[in-house]
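J.: build me a model from this:
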Amino acid sequence: MALTDIKIKNAKEGRHPDGNGLYLEVSESGSKSWILRYQINKRRRDMGLGSLKELPAIKARLLNATYKEMISRGIDPLEQKKAKAETIAFVKEKETLQLTTFKQVALEYINTHCTEWKNAKHETQWRNTLARYVYPIFGDTPVSKIDETLVLKALNPIWLEKTETASRVRNRIELVLDLARFKKLRDGENPARWKGYLEHVLPSPNKIKDEQHQPALPYIQIPEFMRELRDHDMGASSLCLQFTIMTAIRSGTSRLASWNQIDEANKIWSPSAEIMKGSKAGHRVPLTEAVMEILEKAKAFRNESGLIFSGRKNQPLSDMSLTAIIRRINGVREDKGLAQWVDPNNDRPIVPHGFRSTFRDWGAETTTYPHEMQEIALAHSVGTKVELAYRRGDMFEKRRAMMDDWGRYCTGTNANIHSINEKTRSVA
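T.: Below is the predicted model of the structure:
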């Protein structure tokens, strides 16, 4: 017999039958809810229908009748309810996955892999290049919708002008899309893959004529780089690289420098015309205190070759030996393009020749030394043929002051721009 409204209102803790398998259940706290008890396939089951507050008696009895009719046809309402919930959850999950953006997956990739990267700058490079070249194009696009059209839209504007950076960006897009496929967020080919895919529509990075400047380190980072260089290795190659940086001379000239070109008493290096680019004769390099310290350390490697810096079997160092020093302290990984010290203008790892640009930028940005003086320090020809014919001096003593400031800046003993400028005025 169905429960009356009074009995429902006054029901105490326990289960109270309402008929046809329907029960009013009262908890210890006094809350009331409806329970359907039934048996199907020789299995007794209890199914909650809802609270009394949300489901008045009349609605509970109608719902109960619906479920009883299903049971009579061999349908288990609990199993059906469970299947419906799973279907709804699956649909919602599918919708969520389809709405997952490229940027969301990219950030997940970065956050997962940044712990394995040796330097925080690798993470910065990833974030900055994607933010600059990729996110504006398809960062907010569902990762399942990324195709070759979008990938090429991001790469084409920089492929010829910033080839190295573009190649790294392509690789990063590919890695992110690989993660998306692993997470079943997308299907099919990776539209950023090079081999057998983008190689058919983009010129090979290795065959594009490189008209970019040699990758150079920003001058503001040179003191930190020099500290790491000195701490890392004090062999002949490292000393040669330090010597090259401090003198702002070409690495080829430094590698072939000999002791008989050094005037220690007057602190002058006079490289022979044979080792100067263009057989430039008569160039003199002032040797600062910082450079003299390097030469003092180089005496430990002195041998019959007469070279200041020599390699195996007393032969001149190769250009690659200086590059190898940079790579060892740089953390370069060719497969993933990770490097600590890079040129921010092209995202390329720095090379020995780039330090001449570092010196030039330092002089232009932080000092008032004349442009002409800086060019002479770099062994560049300055002025017209007529001007060169009449110029007899090489601003040597003024250059000594400039190179002394450069040496102190590199070693971190004088990075104060104002003090440098003050000295510049007194010399000029």
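
J.: going by C-alpha atoms from here, please, whenever you check contacts or count neighbours.
T.: Noted.

J.: hey, where'd the helices end up in the stretch 1-150 of the chain?
T.: For the stretch 1-150 of the chain, the helices defined by DSSP state H, counting those that start in this stretch occupy 5-10, 57-72, 77-99, 102-113, 120-129, 135-138, 148-159.

J.: nearest to residue 286, of those?
T.: When the helices of the stretch 1-150 of the chain are compared by C-alpha to C-alpha, helix 120-129 sits nearest residue 286, at 35.5 Å.

J.: mind listing what's buried along that closest one?
T.: For helix 120-129, the neighbour count (16 or more other C-alpha atoms under 10 Å) marks 121-123, 125-126, 129 as buried.

J.: for that helix, packing partners?
T.: helix 102-113 (3 or more C-alpha pairs under 8 Å, 6 or more residues apart in numbering; DSSP states H and E).

J.: now what about the helix it packs on, what contacts it?
T.: By C-alpha atoms under 8 Å, 6 or more residues apart in numbering, the residues outside helix 102-113 that reach it are 123, 126-127, 135, 138-143, 146, 176-177, 179-180.

J.: how far off centre is that helix?
T.: Helix 102-113 sits 12 Å away from the centroid of its parent chain (C-alpha atoms, centre = their mean, to the nearest Å).

J.: so which of the contacts of helix 102-113 is the most crowded?
T.: Among the contacts of helix 102-113, the one with the most neighbours (other C-alpha atoms under 10 Å) is residue 177, at 27 neighbours.

J.: my guess is that one contacts residue 143, does it?
T.: Yes. With contacts counted by C-alpha atoms under 8 Å, residue 177 reaches residue 143, the gap being 7.4 Å.

J.: ranges for the strands of this structure?
T.: 14-19, 22-26, 32-40, 43-51, 262-263, 268-269, 285-286, 342-343, 348-349 (DSSP state E).

J.: make a markdown table out of the ones you listed and add distance to residue 330.
T.: Below are those laid out as a markdown table (distance: least, C-alpha to C-alpha, whole Å):
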| stretch | distance to residue 330 |
| --- | --- |
| strand 14-19 | 74 |
| strand 22-26 | 71 |
| strand 32-40 | 69 |
| strand 43-51 | 65 |
| strand 262-263 | 31 |
| strand 268-269 | 30 |
| strand 285-286 | 29 |
| strand 342-343 | 9 |
| strand 348-349 | 8 |
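
J.: out of those strands, which is closest to residue 185?
T.: Using C-alpha to C-alpha, the strands of the chain put strand 348-349 closest to residue 185, at 32.2 Å.

J.: ok, residues contacting the closest one?
T.: 164-165, 215, 330, 332, 339-343.

J.: over to stretch 219-231?
T.: 238, 242, 329, 358-359, 361-362, 409-412.

J.: pLDDT weak spots in the chain?
T.: 88-98, 118-120, 209-213, 233, 277-281, 332-339, 381-393, 414-428 (pLDDT under 70).

J.: make it 50
T.: 211, 333-335, 384-391, 415-428 (pLDDT under 50).

J.: how close does residue 324 sit to residue 117?
T.: 20 Å (C-alpha to C-alpha, to the nearest Å).

J.: what is the neighbour count of the closest residue to residue 181 other than its chain neighbours?
T.: In space, residue 181 comes closest to residue 187 once its chain neighbours are excluded; the distance is 6.1 Å by C-alpha to C-alpha, 6 or more residues apart in numbering. Around residue 187 there are 13 other residues, counting by other C-alpha under 10 Å.

J.: and what of residue 130?
T.: Other residues close to residue 130 by other C-alpha under 10 Å number 22.

J.: just the one 3 residues further on next, same as before
T.: Using other C-alpha under 10 Å, residue 133 has 19 neighbouring residues.

J.: give me every residue that touches the residue lying closest to it once chain neighbours are set aside.
T.: Closest residue to residue 133 apart from its sequence neighbours, by C-alpha to C-alpha, 6+ apart: residue 154 at 6.1 Å. For residue 154, the contact set (C-alpha under 8 Å, 6+ apart) comprises 133-134, 137.

J.: just the residues you listed now: which is nearest residue 269?
T.: The closest of these, once distances to residue 269 are taken by C-alpha to C-alpha, is residue 133, at 46.5 Å.

J.: for the closest one, give its distance to residue 374.
T.: 36 Å.

J.: now residue 162: phi and psi?
T.: When read as degrees, to the nearest 10, the backbone of residue 162 gives phi -130, psi 60.

J.: who's in contact with residue 361?
T.: 218-219.

J.: let me know whether residue 173 touches residue 191 as I believe.
T.: No. With contact defined as C-alpha under 8 Å, residue 173 does not count as touching residue 191 (9.0 Å).
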